[in-house]
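Asks: here you go, sequence then predicted model.
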Amino acid sequence: MFDFLDGYDLLGAFWVTVKLTVYSALGSLIWGTLLAGMKVSPVPLMRGFATGYVNVIRNIPLTVIIMFASLGLYSTLNIALGGTDIKGINFRLAVLSFIVYTAAFVCEALRSGINTVPVGQAEAARALGLSFTQVLRLIILPQAFRSVVNPLSNVLIALTKNTTVASAIGVAEASYLMKGMIENEAQLLLISGIFALGFVILTLPTGLILGWVAKKVAVKR
Amino acid sequence: MSSVLYDAQGPRAKRRNILYTVLFVLAAAAVLWWVYDGLAEKHQLDWIKWKPFFTSPQPWETFIWPGFQNTIKAAFFALIIALPLGALFGIGRLSDHRWVRVPGGVVVEFFRAIPVLLLMVIANQAYSEYTELEPDTRLLYAVVTGLVLYNASVLAEIVRAGIQTLPRGQTDAAKAIGMRKGQTMVFVLLPQAVTAMLPAIVSQLVVIVKDTALGGAVLSFPELLAAVRPMSANYGSNTIACFTIVAVIYLALNYTLTSFASWLERRLRRGKKSTGAVLGTGPGGDLETIDAPALNTDDGRAV
């Protein structure tokens, strides 16, 4: 029954999905934190920039961003992100798009986390004479991160599912393989089941583990 | 906006902020110049590439408007089919009977874990193997099916959370005047829950509109994003210009919906008729219940 699987690199495709997810998650965590910092900063221009960025990116489909990266950045402007082989270029363009898109959601999650830190904490820190960056880095963000593990895990799960969009620009991840397989093999139900299960296996433990972590690290108030 | 993270600024802090602003402007200007230079070098900013959109109705009539119509059509059908389905599953998950509650939960969690793109591709293949639909209608069906399966399960969670925000007393009171379970749900709980759910439903509509673009990129369903390729081929490869126009249209549509959702949220939270609890969708589309503040502690010092 599973003979038809022989010619396909199922694990390899899911491995690409995992790699896309991990690189994009790390990148968007860094960029999203910077954005959140800008959003609460004393410099009005930076606040404006972060707010504008989040509003624009959240309302544009990820598919538009990733197609733009491929057709606009690469095909039209020849920005190859330092690669020469087309597979590597597409992979990096996809990661860039995911970072640009997901960072907006990371920023929003973090900002809601900053709101959960009691006002007195920041006031006490300021009374000690800490500067804005010190308040943010030493007092606010560590607590904010601990309270937003759950929202961030939702963002991570959404990102895992969103990596399938990379197939639109030819990155050979799981959904790309599935599309090829169901066109060539007459096993629609079985193939869909395998890939659906693959994503359940990827996303379900993420939610459970991070849910457990969230309970563990949450600041009891 | 005042903030608790920093003090009211004295002369030194003000000077420092001006310095940061200048540095930020310089960095932004450098990036903008780099983008401008790159675009100009590839002749993407030449008037001839942008002219078609501003001087003739042709690109709008031939490419953008039909694509926009298809986007709206798919989103609309997806919402009106997913809403009742979601309500059904959401209520099912609250059932007293294990045999209704558990399968409902499994179905909802399953479809929430699977990417919409996969669902669309599978639906498309299923329709082409087992039905005799015309290719045009088949694509619309496939996109709508994918959207419905995913969004119905998200809406089910919204409905469940909406009903759970209601105070228990509502159910008790309905029981006390002799209503059956079905009556309690239809006449007491649902009408109240709907107001709490409205902002979340409108926010979900944004997700649906964004996901229609998947149909264009992966199944070549002729929606707004899919209009870019033929359009740029037709007007001298003005890819950047086409993407800009399309992105602005998505942005305008979704921003209107987002603003409407947050306006609804604010309005409902202030309203006296509801329970005061409002469902909003958090970042990444997860649900969060925004409870009405017990006391008005809002002193304008929110971070």
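Replies: The structure has been received and is ready for your questions. Numbers count the residues shown, from 1 in each chain, chains lettered A, B, ... in the order given.
Asks: which stretches of the chain aren't confidently modelled?
Replies: Reading this off chain A. A:1 (pLDDT under 70).
Asks: let me rephrase: I mean chain B.
Replies: Across chain B (using pLDDT under 70), the flagged ranges come out as B:1-4, B:272-277, B:280-303.
Asks: what segments of it are strands?
Replies: B:278-281, B:287-290 (DSSP state E).
Asks: which parts of the stretch 51-200 of chain B sit against chain A?
Replies: B:110, B:113-118, B:121-122, B:125-126, B:129 (Cβ under 8 Å from any Cβ of the partner chain). To be clear about C-beta, it is placed using only N, CA and C from the backbone, and glycine gets the same treatment.
Asks: looking at these, which is nearest residue A:183?
Replies: residue B:125 (7.3 Å; Cβ to Cβ).
Asks: all helices for the stretch 51-200 of chain B, in order.
Replies: B:58-59, B:65-92, B:98-113, B:116-130, B:135-164, B:168-176, B:181-183, B:190-218 (DSSP state H, counting those that start in this stretch).
Asks: could I get these as TSV with mean neighbour count?
Replies: Output for these, formatted as TSV (neighbours: other Cβ atoms under 10 Å in any protein chain shown):
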stretch	mean neighbour count
helix B:58-59	17
helix B:65-92	20
helix B:98-113	16
helix B:116-130	21
helix B:135-164	23
helix B:168-176	13
helix B:181-183	11
helix B:190-218	24
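Asks: wait, which of these is closest to residue B:269?
Replies: Nearest to residue B:269, of these and by Cβ to Cβ, is helix B:190-218 at 9.3 Å.
Asks: what angle do that closest one and helix B:116-130 make?
Replies: Relative orientation of helix B:190-218 versus helix B:116-130 (axes from the mean of the first three to the mean of the last three Cα atoms, to 10 degrees): 80 degrees.
Asks: which elements pack onto helix B:190-218?
Replies: helix A:62-67, helix B:65-92, helix B:116-130, helix B:135-164, helix B:239-270, strand B:278-281 (3 or more Cβ pairs under 8 Å, 6 or more residues apart in numbering or on different chains; DSSP states H and E).
Asks: follow-up on the earlier one: in the residues of the stretch 51-200 of chain B next to chain A, find the pair that's most separated.
Replies: Longest span within these, Cβ to Cβ: B:113 and B:129, 24.5 Å.
Asks: so how far is chain A from residue B:94?
Replies: 21 Å (Cβ to the nearest Cβ, to the nearest Å).
Asks: thinking again about what came up before, of the helices of the stretch 51-200 of chain B, which is nearest residue B:21?
Replies: Short answer: helix B:190-218, nearest of those by Cβ to Cβ, at 32.5 Å.
Asks: got the angle for that closest one vs helix B:135-164?
Replies: 150 degrees.
Asks: any chance of the helices and strands packed on helix B:190-218 in a markdown table, plus distance to residue A:124?
Replies: Listed next are those as a markdown table, based on distance: least, Cβ to Cβ, whole Å:
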| stretch | distance to residue A:124 |
| --- | --- |
| helix A:62-67 | 41 |
| helix B:65-92 | 44 |
| helix B:116-130 | 46 |
| helix B:135-164 | 36 |
| helix B:239-270 | 30 |
| strand B:278-281 | 31 |
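Asks: how about stretch B:39-49: buried residues?
Replies: B:39, B:42, B:44, B:49 (16 or more other Cβ atoms under 10 Å in any protein chain shown).
Asks: check stretch A:53-61 too.
Replies: Here stretch A:53-61 shows A:53-55, A:57-61 as buried, counting by 16+ other Cβ under 10 Å.
Asks: can it be said to contact chain B?
Replies: Yes - interface with chain B: stretch A:53-61 contributes A:55-56, A:58-61 (Cβ under 8 Å from any Cβ).
Asks: repeat for stretch A:147-156
Replies: Yes - Stretch A:147-156 is in contact with chain B by Cβ under 8 Å from any Cβ, via A:151, A:154-155.
Asks: quick one, which of those are buried?
Replies: Buried, going by 16+ other Cβ under 10 Å: A:151, A:154-155, out of the residues of stretch A:147-156 next to chain B.
Asks: from these, which is closest to residue A:25?
Replies: residue A:155 (8.6 Å).
Asks: can you give me the angle the helix or strand in which that closest one is found makes with helix B:116-130?
Replies: In this structure, residue A:155 sits in helix A:149-162 according to DSSP states H and E. For helix A:149-162 against helix B:116-130, the angle by the same axes, to 10 degrees is 40 degrees.
Asks: what's helix A:149-162 packed up against?
Replies: helix A:10-39, helix A:86-116, helix A:188-217.
Asks: skipping its backbone neighbours, what lies nearest residue B:131 in space?
Replies: For residue B:131, ignoring the flanking residues on the chain, the nearest one in space by Cβ to Cβ, 6 or more residues apart in numbering or on different chains is residue B:138 at 7.5 Å.
Asks: done for today, thanks.
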